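>>> the sequence and its predicted three-dimensional model are supplied below.
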Amino acid sequence: MKITMLLSNGFGPDPRVAAEAVALQSAGHQVTIFAWDRTGSMPEQEEYQGVKVIRSQIRTTYSRGPMQVCCFLKFWQECRSFLQKNPTQAIHCHDLDTLWPGVAEGRLQKVPIIFDAHEAYPDMVAHLFPRPMVAAIRLLEKRLVPQTTAVITVGQILARRFERLKARRVVVVGNYKKHLWDKPSEAPDCPPLRIIYVGGLNRDRLLAPLIMAIAGTTRYQLLIVGDGLERAKLEELAAGADNIQFTGFLPQERAREFINLSHLVYYGVAAEYPNNQYSTPNSLFLAMTAGRPMLTTAVGEIATIVQAEHCGTVLSDLHKDEIVKALERYYDPVFWKEHSRNGFQASLTKYNWEKASQNLISLYRELECNHGQG
């Protein structure tokens, strides 16, 4: 089956998009990704593990709010033009910001339209746009979702949201990871307790309380892997603390190596950002496959999974004393090994990419069988 994926980032590569595209390619499909390189720094065409990548190079940046509208209209037109010049058998739209051109061309070409919802998009961008524009985005989503053949989501809570939006079918394909080891590696000797954060440095990520709780102490080391608009503020907050380091963005393969050298993975998100209630980040599943306990906030599906699988600690609040108390418990090797083992086993039995990719492949097998039969 010939599949065209639409993506509003440059595919650097995007971990979720890459995993799905390669899985489908390996299953015998022909996958092309039409991506948006906003900086013009990537090749216009290249191949990624057998997947063809073609990039639009409309120049802009991220997080521009209403100033981005004209650029999106141009990108959407390029998506439609690409689909018209390169007929396909299925259109796979990654996130709401590619769904309109996908639905428009999918209906014209009478091919399946797959909406891959990485986020609750209107909630994710609510802080960037004025309320009337957010309302318009919600209305666009409400009208487009029922027109899709199927919706793919990252977790159960987000899946229920799209069922309420009257999606014809919802399939969960989690951000789960392939296993690199047969068993979790042993924890490095303590002290210091090595903590790692992997992800965006954005306003909704609660890194500041952790930095303030441990800065300057020799009992803990914190490695922050990622980049974003808040990086300068966080670096200033950690200035002079030898036990806190920033690496900037790293490819996921490299980040996994650092996770394996750490004792504990931290990922905290703020409840006041509505999209975070659906949070099931890559960091959680990277931690589980490495057998590393998770330290997180009581927000999102990540907290639900950590509590259900007993593979880490959910912080009731981010007061310094509470953070230190939680960290100190992981000096107990029995406590650490229990959470390590629980997460690793859960990633083998429930949260592994082999099972998630089968959900994706099975969906496309059905589409291939039914295509052309109305």
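Thanks, I have it.

>>> can you find the helix or strand of the protein with the lowest average pLDDT?
Of all helical and strand segments in the chain, the minimum by mean pLDDT, DSSP states H and E falls on helix 252-260, at a mean of 91.

>>> for it, packing partners?
strand 193-198, strand 220-225, helix 282-290 (3 or more C-beta pairs under 8 Å, 6 or more residues apart in numbering; DSSP states H and E). For glycine as for every other residue, the C-beta is placed from the backbone atoms N, C-alpha and C.

>>> other residues contacting stretch 226-242?
63, 197-203, 205, 207-208, 211-212, 215-216, 224, 244, 246-250 (C-beta atoms under 8 Å, 6 or more residues apart in numbering).

>>> can you say which of the residues you listed are buried?
Listed as buried from the contacts of stretch 226-242 are 197, 198, 199, 201, 202, 205, 207, 211, 215, 224, 244, 246; burial here means 16 or more other C-beta atoms under 10 Å.

>>> what bridges to the last one?
Taking DSSP bridges as the rule, residue 246 bridges to residue 224.

>>> what sits against it?
By C-beta under 8 Å, 6+ apart, the residues touching residue 246 are 224, 231, 234, 235, 238.

>>> returning to that earlier point: of all the helices and strands packed on helix 252-260, which one is nearest residue 356?
helix 282-290 (9.5 Å; C-beta to C-beta).

>>> which helix or which strand is home to residue 265?
strand 264-267 (DSSP states H and E).

>>> show the model's pLDDT score for residue 227.
pLDDT, residue 227: 94.

>>> roughly how far does it sit from residue 122?
25 Å (C-beta to C-beta, to the nearest Å).

>>> now residue 199
For residue 199, the distance to residue 122 (C-beta to C-beta) stands at 21 Å.

>>> relative orientation of whatever helix or strand residue 359 lives in and helix 282-290 in degrees?
Using DSSP H and E, residue 359 sits in helix 353-370. Angle of helix 353-370 versus helix 282-290, following axes from the mean of the first three to the mean of the last three C-alpha atoms, to 10 degrees, is 120 degrees.

>>> for helix 353-370, packing partners?
helix 15-26, strand 150-153, strand 170-172.

>>> same question for the shortest one, mean pLDDT?
Model confidence over strand 170-172, given as mean pLDDT, is 97.

>>> could you spell out the sheet neighbours of that strand, each with its direction?
For strand 170-172, pairing defined by DSSP bridges yields strand 150-153 (parallel).

>>> return the distance of the strand it pairs with from the chain's centre.
15 Å (C-alpha atoms, centre = their mean, to the nearest Å).

>>> partner strands of the strand holding residue 265, with direction?
strand 193-198 (parallel), strand 294-297 (parallel).

>>> which residues touch it?
193-199, 205, 207, 210, 222, 259, 281, 283-284, 286-287, 292-296, 302, 312, 327, 330.

>>> where in the protein is pLDDT low?
In the predicted model of the chain, residues 63-65, 67, 181-190, 372-374 satisfy pLDDT under 70.

>>> residue 6: which of the helices and strands packed on helix 252-260 is closest?
Among these, if distance is taken as C-beta to C-beta, the winner is helix 282-290, at 21.1 Å.

>>> which helices and strands sit right next to the closest one?
Against helix 282-290 (3+ C-beta pairs under 8 Å, 6+ apart) you get strand 193-198, helix 252-260, strand 264-267, strand 294-297, helix 300-309, helix 333-349.

>>> just to revisit the earlier point, name the residue in residue 227 and residue 122 with the higher neighbour count.
More crowded of residue 227 and residue 122, by other C-beta atoms under 10 Å: residue 122, with 21 against 16.

>>> what's the distance between residue 306 and residue 131?
Per C-beta to C-beta, residue 306 is found 33 Å from residue 131.

>>> in the helix or strand where residue 33 lies, what counts as buried?
Here residue 33, judged by DSSP H and E, is contained in strand 30-36. Neighbour counts over strand 30-36 (16+ other C-beta under 10 Å) mark 31, 32, 33, 34, 35, 36 as buried.

>>> count the residues that sit near the closest residue to residue 22 other than its chain neighbours.
Closest residue in space to residue 22, ignoring its immediate chain neighbours: residue 49 at 5.0 Å, by C-beta to C-beta, 6 or more residues apart in numbering. If you count neighbours by other C-beta under 10 Å, residue 49 ends up with 11.

>>> need the contact list for residue 49.
With C-beta under 8 Å, 6+ apart, residue 49 has these contacts: 18, 22, 25.

>>> buried members of the residues you listed into PyMOL, please.
Those of the contacts of residue 49 that count as buried under 16+ other C-beta under 10 Å are selected in PyMOL with:
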select buried, resi 18+22+25
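
>>> ok, so of the contacts of residue 49, who is nearest residue 160?
Nearest to residue 160 among the contacts of residue 49, with distances taken as C-beta to C-beta, is residue 18, at 26.8 Å.

>>> thinking again about what came up before, turn the contacts of residue 246 into TSV, including secondary structure.
Shown next, in TSV, are the contacts of residue 246 (DSSP: H, G, I helix; E, B strand; the rest coil):
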residue	secondary structure
224	strand
231	helix
234	helix
235	helix
238	coil
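
>>> which of those residues are buried?
If we count by 16+ other C-beta under 10 Å, these have these buried: 224, 231, 234, 238.

>>> and those residues, which two are furthest apart?
Farthest pair in those, by C-beta to C-beta: 231 and 238, 10.6 Å.

>>> follow-up on the earlier one: tell me which of the buried ones among the contacts of residue 246 is nearest to residue 113?
Nearest to residue 113 among the buried ones among the contacts of residue 246, with distances taken as C-beta to C-beta, is residue 231, at 37.0 Å.
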